[in-house]
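1. The following comprises the amino acid sequence and a computationally predicted model.
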Amino acid sequence: MKRPTRCIAAIAGALLLALSSSHASGRATGSETLAQVKGRGVLRCGVSEGIAGFSELDASGHWSGIDADFCRAVAAATLGDGNKVAFVPLRTSARFPALRTGRIDLLARNTTWTLLREATVGVQFAGVLFYDAQAFMVSTKSGVRTLSSLKGAAVCVQRDTSSETNLVSYSNARGLDLKPLRVASVNELTQRFNTGRCSAMTADASLLATLKSRAPDGPASMTILSERISRQPHAPAVRNDDIAWLVIVRWVLYTLIGAEELAVTRQNVSERIRDPNVARALVPDETVTASLGIDAGWTLRALKSAGNYGEMYDRNLGAGSALKIERGFNDLYTRGGLMYAPPMQ
C-alpha cells in the first residue's frame, strides 16, 4: 500500500507545484481560460450538431443531453449560473481545431479519449463522462445478424473519428474486406444508409440506438448487431496548456459522480452538505480553491445546476429519457459499473 500512497502524493505535489508556478509568473488567476470565461461572462462549449441524449437543440432553442448538462455544470461552477453557456455545434472534423484555436473553452461532444489524441492533437481529457462501445447497425430485413455476414460489404462511417480507424483495423485483422464509405456528418450517415449506398453503418452504440429510435420505418426495421469491436470512453476535453482549467473541469465531473455515491441530489444538497463527511467529500479545501482562482462553493454550484451523475444520466439517456439505455459500465462501481470519484481531500 505504500507505493500507491507515494504515487498519489507525488501527483498531488506536482499539481500544486504547477499551480504555484502559475501564480509566481504574475498571473492574477490560476487559469488563463477561467480568466477569459469570467471576462466574457459566458462559457463557450463545443457540442455535436445534434445527437439525442448527448447534445441536441429543440424547436424552442434549448439544448438537452448529458454533454449539454455537463457544460451547464461547468458554467455554474465558474460563473455562478448554469445558463451562461454559448453552445457551439461542431462537425467531427472541426472539434479539435475549435478547441486549440480558442473558439471554444471546453469540448463536450461525445469524443473518445485516446492516447493518440492527447499526444498529438494538443488536448487533454478531463475524465470519462460516458462509456460507450462501437457497434454496427443493419436493416432487419437484410437478415444479417453477425459481422462475418458482412464480409466484402460497404459500411458507412463518419470520417475523422475513432470509429473509422477501428473499422479499418478490425476488417484487416479478420480478413472481412469491409469497404468504408466515409461521410462527414450523422445526417449524411443515415442518408447514405437509407438510400442503399452501404449495407451497414458503424458508430458508437449509443448513437446507433438514437438513430434506430428514429428510423423512418420504425425501430423494429433496424437491428444493432450484438458484437462490439472497441470500447469508447467519451470524455470532455480542454487545451493542454492550462492545467488549472483541466483540474476545474475534471473535478466538476468527479463532484457529480461523487455526489451520486453519497446519494446527494440537486434537491437535497443544501441539507446534506451540513454533514461534515459529505462536506469533506464534495467541498474542496479553501487553499486549493484559491490556487485555482475560482470562487468558493464552485463544486456545489455545479451540483445544484446539473444534479448528480445519476440524475444527469437518467433524464438524458436512461429511464427518464426516450432512449432508456441501461447504465451498464456507466453505473457506480458499487453496482457493477466503472464510475467512481477519487477522493477530494
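-> The structure has been received and is ready for your questions. These numbers were taken from a predicted model, which means no experiment stands behind them. Numbers count the residues shown, from 1 in each chain.
2. Can you report how many residues lie near R159?
-> The burial count assigned to R159 is 16, neighbours taken as other Cβ atoms under 10 Å. Heads up, the C-betas are built off the backbone N, CA and C, glycines and all.
3. Surely it is in contact with A184?
-> Yes. Applying Cβ atoms under 8 Å, one finds R159 in contact with A184, separated by 6.4 Å.
4. Okay, and T287 sits in which element?
-> helix 286-292 (DSSP states H and E).
5. That helix - contacts with which helices or strands?
-> For helix 286-292, the contact count by 3 or more Cβ pairs under 8 Å, 6 or more residues apart in numbering; DSSP states H and E identifies helix 2-24, helix 243-261 as packing neighbours.
6. which other residues reach the helix or strand just after the last one?
-> In other words, helix 243-261. Past helix 243-261, heading to the C-terminal end, the next element that is a helix or strand (DSSP H and E) is helix 269-272. Surrounding helix 269-272, the residues in contact under the criterion Cβ atoms under 8 Å, 6 or more residues apart in numbering are 259, 262-264, 278, 300, 303-304.
7. what do you get for stretch 296-307?
-> With contact meaning Cβ under 8 Å, 6+ apart, stretch 296-307 is reached by 69-70, 72-78, 80, 82, 248, 251-252, 255-256, 259, 264-266, 269-270, 273, 282-284, 286, 289, 312, 315.
8. So among these, which ones count as buried?
-> The neighbour-count criterion (16 or more other Cβ atoms under 10 Å) marks 69-70, 72-78, 82, 248, 251-252, 255-256, 259, 264-265, 269, 273, 282-284, 289, 312, 315 among these as buried.
9. Give me the common contacts of R159 and A184.
-> Residues touching both R159 and A184 (Cβ under 8 Å, 6+ apart) are 92-93.
10. what's the domain layout of the protein?
-> For the chain, whose domains are defined here by the TED database, the residue ranges read 32-129+236-330, 133-231.
11. can you redo those as CSV with distance to Y340 and mean pLDDT?
-> Conversion of these to CSV gives the following (distance: least, Cβ to Cβ, whole Å; pLDDT from 0 to 100):
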stretch, distance to Y340, mean pLDDT
domain 32-129+236-330, 7, 97
domain 133-231, 17, 96
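12. Which stretch among those domains is buried most, on average?
-> Across the domains of the chain, averaging neighbours per residue (mean count of other Cβ atoms under 10 Å) puts domain 32-129+236-330 on top, at a mean of 19.
13. In this structure, which residue is most central in space?
-> Nearest to the mean C-alpha position of the chain, by Cα atoms, centre = their mean, lies A235 at 3.7 Å.
14. I'd like the distance between it and E118.
-> Counting by Cβ to Cβ, to the nearest Å, the gap between A235 and E118 amounts to 10 Å.
15. who touches both of those two?
-> Taking Cβ under 8 Å, 6+ apart as the contact rule, A235 and E118 both touch F125.
16. Give me the three-state assignment for Y170.
-> Using DSSP: H, G, I helix; E, B strand; the rest coil, the secondary structure recorded for Y170 is helix.
17. Touching, it and I229? I think so.
-> Yes. Counting by Cβ under 8 Å, Y170 touches I229, with 4.6 Å between them.
18. The stretch 51-200 of the chain: helices as residue ranges?
-> Taking DSSP state H, counting those that start in this stretch as the test, the helices found in the stretch 51-200 of the chain are 66-79, 95-100, 115-120, 162-174, 186-194.
19. would you list those helices in JSON lines and tack on distance to R40?
-> Shown next, in JSON lines, are the helices of the stretch 51-200 of the chain (distance: least, Cβ to Cβ, whole Å):
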{"stretch": "helix 66-79", "distance to R40": "9"}
{"stretch": "helix 95-100", "distance to R40": "16"}
{"stretch": "helix 115-120", "distance to R40": "26"}
{"stretch": "helix 162-174", "distance to R40": "32"}
{"stretch": "helix 186-194", "distance to R40": "30"}
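20. Figure out which of the ones you listed is closest to V138.
-> For V138, the closest of these is helix 186-194, at 9.0 Å, according to Cβ to Cβ.
21. So what touches the closest one?
-> When contacts are taken as Cβ under 8 Å, 6+ apart, the neighbours of helix 186-194 outside the stretch itself are 48-51, 156-158, 181, 183, 198, 200-201, 203, 207, 211, 216.
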